[in-house]
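Undergrad: coordinates only, sequence not included:
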């Protein structure tokens, strides 16, 4: 599944939000939500999460950077399953990490879904749109 688009669900007082309808089928059998970079949350299908972590088996645990990244990424990971209405419960520790209150922005980011506090997403997008427009082929060679 290729996750695409931007959506703006609301977080309820129990820490639940509706997954965008387009994403539900790919995530209905289970998902893993964890800390992402730039203080957002990453949501992976269980299959994609297992693929990523399996690749890490060949990573050098002698590297402090590898250990640090894996510790932060995996210690925040939570197995979840959407309820019958398509809602995802986001654990409190992850809501705090991402600063989630009520207004959320959910984006499709290819192999994952990202969940952002809407104000944080707006700030991020404002700060990066100009550099996105100015990027040359060197960032992702042969992309277009």
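TA: Okay, I see it. It should be emphasised that the depicted structure is a prediction, and the values quoted were computed from it without experimental measurement. Numbers count the residues shown, from 1 in each chain.

Undergrad: every contact and neighbour count from this point should use C-alpha atoms.
TA: Fine.

Undergrad: quick one: the lowest-mean-pLDDT helix or strand in the chain to chain centroid distance?
TA: Lowest by mean pLDDT, DSSP states H and E among the helices and strands of the chain is helix 118-134, with a mean of 90. Centroid separation for helix 118-134 versus its chain: 17 Å, with Cα atoms, centre = their mean, to the nearest Å.

Undergrad: may I see the buried residues of it?
TA: 118, 120, 121 (16 or more other Cα atoms under 10 Å).

Undergrad: mind listing what the first one touches?
TA: Think residue 118. Applying Cα atoms under 8 Å, 6 or more residues apart in numbering, we find residue 118 in contact with 8, 103, 104, 105.

Undergrad: ok, residues contacting the helix or strand harbouring the last one?
TA: In this structure, residue 105 is located in strand 104-108 according to DSSP states H and E. Contacts with strand 104-108, where a contact means Cα under 8 Å, 6+ apart, come from 2-11, 113-118, 121.

Undergrad: can you select the buried ones from these in ChimeraX?
TA: Buried residues among these (16+ other Cα under 10 Å), as a ChimeraX selection:
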select :3,4,8,9,10,11,113,114,115,116,117,118,121
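
Undergrad: so which of the contacts of strand 104-108 are in strands?
TA: Among these, DSSP state E puts 6, 7, 113, 114, 115, 116, 117 in strands.

Undergrad: surely the second one meets residue 20?
TA: Read that as residue 7. Yes - between residue 7 and residue 20 there is a contact under Cα atoms under 8 Å: 6.8 Å.

Undergrad: host element of the closest residue to residue 43 other than its chain neighbours?
TA: Excluding its sequence neighbours, the residue lying closest to residue 43 (Cα to Cα, 6 or more residues apart in numbering) is residue 33, at 4.4 Å. Following DSSP H and E, one finds residue 33 within strand 31-35.

Undergrad: parallel or antiparallel, list what pairs with that strand.
TA: strand 41-45 (antiparallel), strand 78-80 (antiparallel) (DSSP bridges).

Undergrad: fine, thanks again, bye for now.
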